[in-house]
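> Following is a predicted model, sequence given first.
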Amino acid sequence: MKKRDILTPVGITLGTIMIMFGILSSGGASGVQSFIQVSSIVIILGGLVAALIINFNISEIKLTFRVFKETFQQNDSNLRELITLFIRLSERARREGLLALESELEEVGDPFIRKGILLAVDGIEPEVIQDIMDAEIAALEERHQRGRSIIEKAGEYAPAWGMIGTLISLVLMLNSLTDPTTLGPKMAVALLTTFYGTVMANLVFIPMAGKLENKTEQEVFIKQIIIEGVIGVQSGQNPKILEEKLSAFLSEEEKQESQEEEAYVGEAANEA
Amino acid sequence: MKKRDILTPVGITLGTIMIMFGILSSGGASGVQSFIQVSSIVIILGGLVAALIINFNISEIKLTFRVFKETFQQNDSNLRELITLFIRLSERARREGLLALESELEEVGDPFIRKGILLAVDGIEPEVIQDIMDAEIAALEERHQRGRSIIEKAGEYAPAWGMIGTLISLVLMLNSLTDPTTLGPKMAVALLTTFYGTVMANLVFIPMAGKLENKTEQEVFIKQIIIEGVIGVQSGQNPKILEEKLSAFLSEEEKQESQEEEAYVGEAANEA
Amino acid sequence: MKKRDILTPVGITLGTIMIMFGILSSGGASGVQSFIQVSSIVIILGGLVAALIINFNISEIKLTFRVFKETFQQNDSNLRELITLFIRLSERARREGLLALESELEEVGDPFIRKGILLAVDGIEPEVIQDIMDAEIAALEERHQRGRSIIEKAGEYAPAWGMIGTLISLVLMLNSLTDPTTLGPKMAVALLTTFYGTVMANLVFIPMAGKLENKTEQEVFIKQIIIEGVIGVQSGQNPKILEEKLSAFLSEEEKQESQEEEAYVGEAANEA
Amino acid sequence: MKKRDILTPVGITLGTIMIMFGILSSGGASGVQSFIQVSSIVIILGGLVAALIINFNISEIKLTFRVFKETFQQNDSNLRELITLFIRLSERARREGLLALESELEEVGDPFIRKGILLAVDGIEPEVIQDIMDAEIAALEERHQRGRSIIEKAGEYAPAWGMIGTLISLVLMLNSLTDPTTLGPKMAVALLTTFYGTVMANLVFIPMAGKLENKTEQEVFIKQIIIEGVIGVQSGQNPKILEEKLSAFLSEEEKQESQEEEAYVGEAANEA
Amino acid sequence: MKKRDILTPVGITLGTIMIMFGILSSGGASGVQSFIQVSSIVIILGGLVAALIINFNISEIKLTFRVFKETFQQNDSNLRELITLFIRLSERARREGLLALESELEEVGDPFIRKGILLAVDGIEPEVIQDIMDAEIAALEERHQRGRSIIEKAGEYAPAWGMIGTLISLVLMLNSLTDPTTLGPKMAVALLTTFYGTVMANLVFIPMAGKLENKTEQEVFIKQIIIEGVIGVQSGQNPKILEEKLSAFLSEEEKQESQEEEAYVGEAANEA
């Protein structure tokens, strides 16, 4: 279900090119040098890590690496296929009973759907199935939210520590204000940590946290359709009504794309 | 149901004229030149696109174009007509049965109303109809919210990348602070990306996201009245009570405009 | 039920006097001149209108004028009178039946109370009455919120366009930085749009949006007491219990003011 | 139940001393003078009052004075005593019937508890008691929130009007920039309103609004325990279970402090 | 259940080293001196304490010290062990009755689990158990939130008082602007309180408040699983279903780690 999400590396590369272009176009090759200041990078990265280490515990910090990797992966779900699957399961269950679904399980890859069908085959009541599967969604949201929150916090601490770095340089510079000609370059160095902090926040942390939030929403959305489907199959709901219910989640475009199928399914449902 | 929304292009044009007027009135024709700086435009647009590409996935980015187009369209719904329609349907259903509504379907343009009436004619129970139609509203809100969120995020990233552009120019400028007479023009260039970012956010992205949010709210509002109406028709509710219920959604002005009709409808309902 | 709210014009006048005083006390009569700059006013007003035109549709913009007028009006509701009214209605309904309330209707000015009593007299069940009247409150909140949101947005766009105006002037000024003696007055002009934007936001838009929000809350609060009262009357609730319920909404002061009445009402209720 | 809250005057005094210390330590006695500028004080106070007058209506503004006074008072509630009271009432009600509680009423000072017990003695059903007492809490929250919101808004308007005052001075100063030596003192005066606004917000308005919010939360918390207790007493709940329920609201410390009592109460409950 | 959380002191030490490194790398040993200014430290700490003293009452301020200590402690809960415990309890209760659980109590360390099992053994109904334990969670959240809110507020007041200190120094400096050569060092001193405030907020208060929030969420999460478990045990739920329900709270990794156990438990459950 996962494939590489090429947009994240493309975006970071594009943003870096833009910044390089900005520097080169008005500062030339020598301008690049003035943006590389090891001590400034150490301060902002160190300060950021310090704040995050205090803010989170070890298991949450471990979560971050997994979560970071996820922004380079993409979920690959086809809503229409999902609906077709549940209509097929629903028809079969009405014809041959819930136990017949056991043989369909081999074709189902998604563990969440498998779990739901297994519970239905086991004869667990719909309310209990709903409870168990809702708990799984709630736990998934909780876990994702926790992993994401480190990246969100990093997006807040980065500009703050950029400002701390700039204040340090400013205080030192103002204290030794003997030679006004050195004012400019010193001021430039002072601004560097602010620059690093802003870039880190707006090119890496905030967009990544945004992507993770979108991914969580999408996963939850699909899992909710699956619950709706499992409950419908288990309670022997009319396949036509089940399809009406599940199709409500499709956009207008997706609905039009699947008109032929729908016509077919409608007939099948009428027969049943 | 859609007509061109002339306000969006008018607003953007007006805002652009205001900015031109501001430049020309104090800077003259030569002043316009100093606001066109290709490299600054490239940095801010590139950075904005980079952040958005990381923040969203491909299907969401495709959504943006559709959503962007929507800000130039306007929904054209008449609440009063809607209420009259449901009162007529309600009276007919009470006189001739729900099946008689099938012949009315041809005159109904809105697919959401059609769907509701079809479900009622099919004899589906009210709770199931409510479920199906609520799911459709929820999915519509989800889709709109997702499309809108790109524009909202663009309104946040634009000023941030404007600031990044300004910081780049400032650092370069301060590093080569040999000739104070060139300070002014360099500083002016540095401010340009901040200017671009602020204008993009406050003339394009934030107002457009606002318009999209208002449109979603309005569509949901009307769809909720439709559900209320379909359920009322299906459950054979007294047309007078149904009208009381639906009229509650009208403002005082709309109520007064429709007093004559109401008088007529009241009589009709008493007869029934 | 509406009387002029004198506080809004008094507040705007006071704020304007304060600003004039601030200018005159340190700048003298000649200082006033430097705050009147037609082109700056045009830019900020034009930009503000442009953003609002994009953000809202025509019917919402029409709403603004009505809503603006409302900040100069005041609701005039007496909670204690309201409670007394419902206790009287409740006692009469218990003695003479709900139909007897029809004769009381002439004395009731508020259309919302009239509607509730009419529904009760018509024999509609309590749940339906609650539904209809809740829908009216929800629609009122929706309408008010929509009207208010333009003023709120104006409070956000005004400072943003003030900053855009200042950036335009700054860029032009820095580009023609030949004569340092003209720097001061040019900088002063640049700051004017920021000044206009901040004053417009903090003297007009934000306080007005605040007043509208308070008015909506208060209206909804009173309408909820009315629903509680209508339902109590209709379901033949003991007037003493009804009074206990409705009095819960009064503050300690209001309760003490009405102690004599309460004593009387208590007796009346015991008789019933 | 109210005693003087000494923390509010202590805090304001301490904050004022800190500011005086800051001024004296680097500016000496003559420095104090430069912070007293009558016209600046007039502008910021006048502007603040103007904004608040527009934002609120007369009855809300009257509320402020009462609310202001409350920040100098402290609620004096003992959770453990409250629980002991309800266990005693519960035991007595189970032994001698609800009517026997009437004789306990004289010892109960809190009007909210009295009201609850009176309703229970009157034989009102638990759901109605819950309704009435919940309505009282909701009205209390509403009233407190309204009073607090003026102080909160003052904390937002104060810095904004400080900025307006500074902008006025800056524009005037820049316009008459003939003698650079007067630049410093004029700039100092310009910053004064910003200083006043920030101090007013962070020493008076924001902390006071915070204290009021905490007080409301605490009052609501205690009133909810009281409702729980009254309902338990009225429905003849086992005193041991009632104690378990109410003790859940205590912290670990409070629980340990009351272990001996608990032992006693446990026995008493077992006898019952 | 508590062990030392080493991350908090490590983070604060790391952040301090970074700041020292930043100062030493560009200012040398003499630069450190210019960051130590007793009067600035007094102003910002005094102002911060003043604002907090007004904002909170004595019992809340006492809570802070306990809460502060908590950021140096770590909860040590093993979700998998918890689930195994409840499955064991559930099986035993089904075989030997709820009373048999009393002998298991000695092995259970957590007072919240003990309380739940004791209530179950006492034969209290599930709804009442749920009520009592939910109330305990709600009270825990309330208490934690109150303790945390002081640290959160400190993170807001610290930068604000840093700005007040800077404004005091700026006004004094600008008033005595006779010798431009002293401008630099005076400006440096003025910036110090801003520096202190920003560091205190971003190295101490905001990260600590974040850690406390995470700890509360985690504790509540675990307590909710415990309630789910106690209710399941008490209502004699099938151990297999109970395990399905509780396992939903595990992440994918935790599930895989416990596959062998699950196999065993599954068999045991089938026997039951």
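Perfect, thanks for sending it.
> Where do the helices of chain A begin and end?
Using DSSP state H, the helices found in chain A span residues A:7-33, A:38-55, A:58-70, A:79-96, A:111-121, A:126-175, A:183-199, A:206-234, A:239-247, A:252-257, A:259-271.
> Are the fourth one and chain B in contact anywhere?
What that stands for is helix A:79-96. No. Judged by C-beta under 8 Å from any C-beta of the partner chain, helix A:79-96 makes no contact with chain B; its nearest approach is 10.1 Å. In short, each C-beta sits where N, CA and C put it, glycine included.
> okay, the helices of chain A in CSV with mean neighbour count and mean pLDDT next?
Output for those, formatted as CSV (neighbours: other C-beta atoms under 10 Å in any protein chain shown; pLDDT from 0 to 100):
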stretch, mean neighbour count, mean pLDDT
helix A:7-33, 17, 89
helix A:38-55, 22, 92
helix A:58-70, 15, 80
helix A:79-96, 19, 89
helix A:111-121, 19, 89
helix A:126-175, 21, 90
helix A:183-199, 22, 91
helix A:206-234, 21, 90
helix A:239-247, 22, 85
helix A:252-257, 12, 63
helix A:259-271, 13, 46
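> between those helices, which one is nearest to residue D:196?
Counting by C-beta to C-beta, residue D:196 lies closest to helix A:126-175 out of these; the figure is 24.5 Å.
> Just confirm yes or no for the closest one near chain B.
No. With C-beta under 8 Å from any C-beta as the criterion, chain B is not reached by helix A:126-175; the gap is at least 9.3 Å.
> centroid residue for chain A?
For chain A, the residue nearest the mean C-alpha position is residue A:212 (2.1 Å; C-alpha atoms, centre = their mean).
> Would you agree that residue is in contact with residue A:147?
Yes. Judged on C-beta atoms under 8 Å, residue A:212 makes contact with residue A:147 at a distance of 7.2 Å.
> what's the overlap in contacts for those two?
Listed contacts common to residue A:212 and residue A:147 are A:67, A:70; contacts here mean C-beta atoms under 8 Å, 6 or more residues apart in numbering or on different chains.
> for the residue of chain A found nearest chain C, what are its contacts?
Nearest to chain C, among the residues of chain A, is residue A:26, at 15.3 Å (C-beta to the nearest C-beta). Going by C-beta under 8 Å, 6+ apart, residue A:26 touches B:39, B:168, B:169, B:172, B:189.
> interface residues of the stretch 1-150 of chain A facing chain E?
So the stretch 1-150 of chain A meets chain E at A:39, A:42-43, A:46-47, A:49-58, A:60, A:119, A:124, A:128, A:131-133, A:135-136, A:139, A:142-143, A:146, A:149 (C-beta under 8 Å from any C-beta).
> Apply 7 Å and report the result again.
A:39, A:42-43, A:46-47, A:49-51, A:53-58, A:60, A:124, A:128, A:131-132, A:135-136, A:139, A:142-143 (C-beta under 7 Å from any C-beta of the partner chain).
> thinking again about what came up before, residue A:67 is in contact with the residue nearest to the centre of chain A, correct?
Yes. Taking contacts as C-beta atoms under 7 Å, residue A:212 lies within contact range of residue A:67: 6.4 Å.
> can you tell me how far residue A:177 sits from residue E:183?
In this view, residue A:177 and residue E:183 are 7 Å apart by C-beta to C-beta, to the nearest Å.
> thinking again about what came up before, quickly list what's touching both of residue A:212 and residue A:67.
A:148, A:151 (C-beta atoms under 7 Å, 6 or more residues apart in numbering or on different chains).
> So stretch A:221-233, near chain E or not?
No. Using C-beta under 7 Å from any C-beta, we find that stretch A:221-233 stays clear of chain E, coming within 11.6 Å at best.
> And that stretch, how far out from the chain middle?
In terms of C-alpha atoms, centre = their mean, to the nearest Å, the centre of stretch A:221-233 is found 21 Å from the chain centre.
> And stretch A:10-30, by the same measure?
27 Å.
> Pull that stretch out as PDB, backbone CA atoms only.
Extracted in PDB, the C-alpha atoms of stretch A:10-30 (Å, rounded to 0.1, in the frame of the first residue of the first chain):
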ATOM      1  CA  VAL A  10      11.500  17.400  -5.000                       C
ATOM      2  CA  GLY A  11      10.100  20.200  -2.800                       C
ATOM      3  CA  ILE A  12      13.100  20.400  -0.500                       C
ATOM      4  CA  THR A  13      15.500  20.400  -3.600                       C
ATOM      5  CA  LEU A  14      13.400  23.100  -5.300                       C
ATOM      6  CA  GLY A  15      13.400  25.300  -2.100                       C
ATOM      7  CA  THR A  16      17.200  24.900  -1.800                       C
ATOM      8  CA  ILE A  17      17.700  25.800  -5.400                       C
ATOM      9  CA  MET A  18      15.600  28.900  -4.900                       C
ATOM     10  CA  ILE A  19      17.700  30.000  -2.000                       C
ATOM     11  CA  MET A  20      20.900  29.300  -3.900                       C
ATOM     12  CA  PHE A  21      19.500  31.200  -6.800                       C
ATOM     13  CA  GLY A  22      18.600  34.100  -4.600                       C
ATOM     14  CA  ILE A  23      22.100  34.300  -3.200                       C
ATOM     15  CA  LEU A  24      23.900  33.800  -6.500                       C
ATOM     16  CA  SER A  25      21.800  36.300  -8.400                       C
ATOM     17  CA  SER A  26      22.600  39.200  -6.200                       C
ATOM     18  CA  GLY A  27      25.700  38.100  -4.300                       C
ATOM     19  CA  GLY A  28      27.600  36.000  -6.800                       C
ATOM     20  CA  ALA A  29      29.700  32.900  -5.900                       C
ATOM     21  CA  SER A  30      31.400  34.800  -3.100                       C
END
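> so who does the residue nearest to residue A:200 when sequence neighbours are not counted touch?
In space, residue A:200 comes closest to residue A:158 once its chain neighbours are excluded; the distance is 4.4 Å by C-beta to C-beta, 6 or more residues apart in numbering or on different chains. Applying C-beta under 7 Å, 6+ apart to residue A:158 gives the contacts A:44, A:48, A:197, A:200, A:201, A:205.
> With residue A:220 instead?
A:137, A:141.
> What separation do you get for it and residue B:236?
Residue A:220 sits 38 Å away from residue B:236, going by C-beta to C-beta.
> burial count for the residue in chain A positioned nearest to chain E?
Using C-beta to the nearest C-beta, residue A:177 is the residue of chain A that sits closest to chain E, at 2.9 Å. Neighbourhood size, residue A:177 [other C-beta atoms under 10 Å in any protein chain shown]: 18.
> Looking at it now. What's its pLDDT?
Here, the pLDDT recorded for residue A:177 equals 71.
> Tell me the residues of the stretch 151-272 of chain A that contact chain B?
In this structure, the stretch 151-272 of chain A approaches chain B at residues A:184-185, A:187-188, A:191-192, A:194-195, A:198-199, A:202-203, A:207-208, A:210-211, A:214, A:221, A:241, A:244-245, A:248-249, A:251, judged by C-beta under 7 Å from any C-beta.
> do that again at 6 Å, thanks
With C-beta under 6 Å from any C-beta of the partner chain as the criterion, the stretch 151-272 of chain A meets chain B at residues A:184-185, A:187-188, A:191, A:195, A:198-199, A:202, A:207, A:210-211, A:244-245, A:248-249, A:251.
> For chain D, see how far away residue A:46 is.
According to C-beta to the nearest C-beta, to the nearest Å, residue A:46 and chain D sit 30 Å apart.
> who touches residue A:192 in this structure?
By C-beta atoms under 6 Å, 6 or more residues apart in numbering or on different chains, the residues touching residue A:192 are A:37, A:40.
> again, but for residue A:69
Residue A:69 neighbours (C-beta under 6 Å, 6+ apart): none.
> So which residues make contact with stretch A:232-241?
Contacts of stretch A:232-241 (C-beta under 6 Å, 6+ apart): A:87, A:89, A:90, A:91, A:93, A:94, A:120, A:126, A:242, A:269, A:272.
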